[in-house]
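K.L.:
got a predicted structure here, sequence first:
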Amino acid sequence: MAYILKDIVNKKDRFVSGHRMCAGCAAPVIVRSVLRSLNDEDNAVVSVATSCLEVSSCIYPYTSWDHCSFIHTAFECAASTLSGVEATYNSLKKTGKLKNEHETKFIAFGGDGGTVDIGFQALSGAFERGHNITYVCYDNEAYMNTGTQRSSATPHFADTTTSPAGEKTPGKVQQRKDMTEIMVKHNSPYVAQTALYGNLKDIHEKSHKAIYTDGPTYLNVFSPCPRGWGYNTEDLAKISKLAVDTCFWPLYEVENGVYKLNYKPIKKVPVEEFLKMQKRFKHLFKEENRYLIEEIQKEIDKKWEYLLMMEKITNNKEN
């Protein structure tokens with residue numbers, strides 16, 4: 001379904017002002033964008049793992065969640081909690097105990113810590129069982145709620161409190177886990193990677209497609225964090241755009257196994273332009289460490305070539 005900007009901004013808000021997320025944080029914009037993709041007449045049950053998002057948006061007796069049922073669940077349980085709710089709902093409808101004219105959709109939100117690491121078992125199980133849910137990972141690339149510890153989604157050579165950059169090690173020595181590709185391998189009917197890029201059309205259309213596709217679907221959303229990454233709060237849009245234009249965060253979707261790149265830069269911006277905006281990478285710009293920037297560039301180029309190849313291969317099979 002195609003949208004114009006007017007359609008998006010006029011949608012019902014289910015995540016409203018009053019939350020206490022940091023200025024310049026992408027998470028509240030992501031949540032609002034995802035929930036706006038719901039049809040206004042439909043219901044939603046939202047499960048949120050313990051996270052910055054949860055503690056900042058649902059402080060009793062106040063909440064920013066509106067026009068939906070909200071469940072705060074433990075750090076590792078967003079997907080399993082939502083699976084139970086979805087199964088109960090289906091049972092009640094089947095036995096005639098619940099009658100509802102409109103659709104009810106089931107959406108989970110988790111950071112990378114509660115998704116890629118601690119919550120992965122629950123997420124993988126939910127997708128293997130085939131629950132009709134949408135899981136949204138707002139990937140801020142570390143455990144931000146507890147002080148910027150590294151996660152397995154933290155990028156190569158990033159400085160965190162548990163992977164500090166120093167004389168012996170240049171930040172996190174492992175490459176980040178490619179969660180989007182892992183969820184593709186779960187045979188999900190729809191998996192997509194998106195960001196707050198341009199006019200929000202990409203995240204809106206992918207969210208709508210994910211929510212209204214039958215079966216377990218997954219969205220991996222680039223979610224900059226000003227405190228953990230060390231960028232100016234007013235630069236959220238700029239840093240998101242650079243992530244996409246450098247192909248550090250490609251915009252693509254995989255529908256029933258078929259890859260589609262939603263944006264191909266005419267000329268890729270060097271990743272150095274993205275890295276230099278952030279304090280977590282400042283050690284890479286010391287003369288003795290600049291070769292590490294070249295290593296990151298090679299990793300990005302390799303992944304980009306892989307996506308181009310998969311798009312070609314899977315579309316040829318489709319035809």
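P.N.:
Thanks, I have it.

K.L.:
A237 against G198, yeah?
P.N.:
No. Contact criterion CB atoms under 8 Å: A237 and G198 do not qualify, at 9.0 Å. Placement of C-beta: from N, CA and C, glycine included.

K.L.:
what do the two both touch?
P.N.:
Here A237 and G198 share no contacting residue, scored by CB atoms under 8 Å, 6 or more residues apart in numbering.

K.L.:
export stretch 92-105 to CSV, keeping only CA atoms.
P.N.:
The C-alpha trace of stretch 92-105 is given here as CSV (Å, rounded to 0.1, in the frame of the first residue of the first chain):
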residue,chain,number,x,y,z
LEU,A,92,-11.7,-17.0,22.7
LYS,A,93,-12.8,-16.2,19.1
LYS,A,94,-12.9,-19.8,18.1
THR,A,95,-15.2,-20.7,21.1
GLY,A,96,-17.4,-17.7,20.5
LYS,A,97,-16.5,-16.0,23.8
LEU,A,98,-15.0,-13.0,22.1
LYS,A,99,-16.8,-11.1,19.3
ASN,A,100,-15.1,-8.2,17.6
GLU,A,101,-16.0,-6.5,14.4
HIS,A,102,-12.5,-5.2,13.8
GLU,A,103,-9.2,-6.9,13.6
THR,A,104,-6.8,-7.1,16.6
LYS,A,105,-3.1,-7.0,15.8
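
K.L.:
which parts of the stretch 101-250 of the chain are helices?
P.N.:
112, 120-129, 179-184, 201-211, 226-229, 236-245 (DSSP state H, counting those that start in this stretch).

K.L.:
what is the second one packed up against?
P.N.:
Of the remaining helices and strands, those touching helix 120-129 by 3 or more CB pairs under 8 Å, 6 or more residues apart in numbering; DSSP states H and E are helix 78-94, strand 134-139.

K.L.:
how about a cut-off of 10 Å?
P.N.:
The contact analysis (3 or more CB pairs under 10 Å, 6 or more residues apart in numbering; DSSP states H and E) places helix 120-129 against helix 78-94, strand 104-111, strand 134-139, helix 179-184, strand 217-222.
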